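In: Sequence first, predicted model second:
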Amino acid sequence: MKILIATGGSSHSEKALHLGALLIRCADETPAVLTVARRKQDRPRAEAALQRAQFLLTDTPCIETRLRYGHPAEQIVAEAREGGFGLIILGERQSHTLKARVLGSTALHVVEHAACPVLIAKGDIRPIRRILLCESGAIVPSLLSRYTAQLADTMLGEEEITVLHVMSQITAWPGVPDEDLQASAEELIDEHSPEGEWLASDLAELSHPGIRAQAKVRHGGVVDEILTESEENDYDLVVIGAHRDAGWQRVLLADIARELIKRLERPVLVVR
């Protein structure tokens, strides 16, 4: 898998470089660092950002640097597509301006338009050992299957993975009994409910030496419950899904992904 790290030389970009340094050791292809200059006259600053990246990645034996011109998000997506990259890593600048709230951040634009998974470096950057995978069960193949298929190279086989499903009246399958809306993961699995079936399937898929897996169910609002779970148990990485279906379902899921990306204070991996 080829990894593309985007940097602009800022502090939030350095988080992407630090996180990338932890992952590119597992990559079997030469990773690249990209910076984007809006205009030709911005080239000196862009080159300085690439030099800083090379300094921070001195322990990486081989890495390419690339410079493009134009809109940052558009150029990051284009580079990933043209270069056949399997993962984009970038930081997210915290902004509270009206323009940022309306148009969204560079990270959000990349997530919405990239064809490959996007890892957003936020919060404390540390080795990824404890992973929270937020499974909705509404998309086939499952988020776990997409994660392991696309990002197996980033896993060392020493992870502790929690598969989380949030149940509420809004997200539950039609006809779900009221008692299931308060059930634990173990109860749903024992009852062979639809949620229990795919939770059990995920646990079976994770039954590999070295990987510790558990299923967990929380009840309430999806965003709030994921935020609470991630903070209470201090995960190193939160994995969420995204897709491009049409209609109201796409809008609802996109809103959830956007809220999580903005509000989670730890690295977030978005998998198509």
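Out: Sure, I can see it. Numbers count the residues shown, from 1 in each chain.

In: which residues touch residue 36?
Out: Counting by CB atoms under 8 Å, 6 or more residues apart in numbering, residue 36 makes contact with 6, 8, 46, 67-72, 75-76. In this view, the C-beta of every residue, glycine as well, is placed from N, C-alpha and C.

In: Now, these that are in strands?
Out: 6, 67-69 (DSSP state E).

In: Check those for burial and list the buried ones.
Out: Buried residues within the ones in strands among the contacts of residue 36, counting neighbours by 16 or more other CB atoms under 10 Å: 6, 68.

In: Return the member of the ones in strands among the contacts of residue 36 nearest to residue 234.
Out: residue 6 (26.5 Å; CB to CB).

In: and that closest one, what pLDDT?
Out: pLDDT for residue 6: 96.

In: Pop out the phi and psi values for the closest residue to it other than its chain neighbours.
Out: Excluding the flanking residues, the one nearest residue 6 by CB to CB, 6 or more residues apart in numbering is residue 90, at 4.0 Å. Per-residue torsions, residue 90: phi -150, psi 160 (degrees, to the nearest 10).

In: Tell me the residue in the chain that is farthest from the middle.
Out: Within the chain, residue 41 marks the point farthest from the mean C-alpha position, 33.4 Å out by CA atoms, centre = their mean.

In: tell me the mean pLDDT for stretch 161-172?
Out: The model assigns stretch 161-172 a mean pLDDT of 77.

In: ok, the nearest residue to residue 182 once chain neighbours are set aside - contacts?
Out: Excluding its sequence neighbours, the residue lying closest to residue 182 (CB to CB, 6+ apart) is residue 219, at 6.0 Å. By CB under 8 Å, 6+ apart, the contact set of residue 219 is 166-168, 181-182, 225.

In: so how far is residue 83 from residue 219?
Out: From residue 219 across to residue 83, the span is 43 Å (CB to CB, to the nearest Å).

In: try residue 271
Out: Taking CB to CB as the measure, residue 271 falls 19 Å from residue 83.

In: Which one's more surrounded, the two?
Out: residue 271 (22 against 14; other CB atoms under 10 Å).

In: beta partners for the more buried one?
Out: Here residue 271 sits in beta bridges with residue 241, as judged by DSSP bridges.

In: Out of the ones in strands among the contacts of residue 36, which is nearest to residue 260?
Out: With CB to CB as the yardstick, the closest approach to residue 260 among these comes from residue 6, at 20.1 Å.

In: now the end-to-end length of stretch 154-166.
Out: 26 Å (CA to CA, to the nearest Å).

In: Could you do stretch 147-165 as well?
Out: Start-to-end, stretch 147-165 (CA to CA) is 16 Å.

In: Stretch 260-270 now?
Out: Stretch 260-270 end-to-end distance (CA to CA) = 10 Å.

In: what does that stretch rub up against?
Out: With CB under 8 Å, 6+ apart, stretch 260-270 has contacts from 19, 92, 107-108, 111, 117-125, 128, 134, 147, 151, 223, 226-227, 230-231, 235-242, 257.
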